[in-house]
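Colleague: Here is the input, now give the coordinates:
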Amino acid sequence: MLKLNKILIVIEPGNENQPALEKGVQLARRSGSELDLLVADFSPYLEDGYYFDLDQARQLRQQHIEENLMQLEILTQPLRDEGLKVSISAKWRNPPFEQITSHIAETAIDVAEVHTSPPQNRPSLFIE
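Modeller: Below you'll find the model as predicted:
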């Protein structure tokens, strides 16, 4: 059987339904692996100079990242209570997929579970 140590789950901010989380948790329960939850987010409204000056945009991005981290803490608490080992991170980058690939390259990820809303026919499991 394939030994998995760490599963990356990309969380879509603002979505109540998190199919990647559900699939990743099932896989972690079966394999005993650690979960790594990541929010890779971007909004053009918070880009430098788009609607706000540089300092204001940076502060708003940092606040947005902190809000994402708080949401991740809420998502992970029941998993931690269950005994699963879970790490979290929230990053800001345009485009967000570059943050995901960068995170995979920087950490010892065995499997990345990603689910994007539309279209529904995209694959959701990538093995590194």
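Colleague: Longest helix of this structure, counting residues only.
Modeller: helix 54-81 (DSSP state H).
Colleague: Name the next helix or strand downstream of that helix, please.
Modeller: strand 86-92 (DSSP states H and E).
Colleague: ok, that next one: who's next to it in the sheet?
Modeller: strand 34-41 (parallel) (DSSP bridges).
Colleague: what's the angle from the strand it pairs with to helix 54-81?
Modeller: 150 degrees (axes from the mean of the first three to the mean of the last three CA atoms, to 10 degrees).
Colleague: And the contacts of strand 34-41?
Modeller: 5-13, 21, 24-25, 28, 64-65, 68-69, 71-72, 75-76, 79, 84-93, 96-97, 99-100, 103, 107, 109 (CB atoms under 8 Å, 6 or more residues apart in numbering). (Each C-beta comes from the backbone N, C-alpha and C, glycine too.)
Colleague: likewise stretch 83-102?
Modeller: 8, 10, 25, 28-29, 34-42, 44, 46-47, 61, 64-66, 68-69, 72-73, 76, 79-80, 103, 112, 114.
Colleague: Just the buried ones from these, in ChimeraX syntax?
Modeller: A single ChimeraX command suffices to select whichever of those are buried according to 16 or more other CB atoms under 10 Å:
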select :8,10,25,28,34,35,36,37,38,39,40,41,42,46,61,64,65,68,72,76,79,103,112,114
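Colleague: mind checking how far the most centrally placed residue in the chain is from residue 59?
Modeller: Computing the C-alpha centroid of the chain and ranking residues by CA atoms, centre = their mean puts residue 38 first, at 2.1 Å. Residue 38 is 22 Å from residue 59, where distance means CB to CB, to the nearest Å.
Colleague: okay, the residue of the chain most remote from its centre: pLDDT?
Modeller: Outermost residue of the chain with respect to the C-alpha centroid, by CA atoms, centre = their mean, is residue 53; its distance is 27.8 Å. For residue 53, the model assigns a pLDDT of 83.
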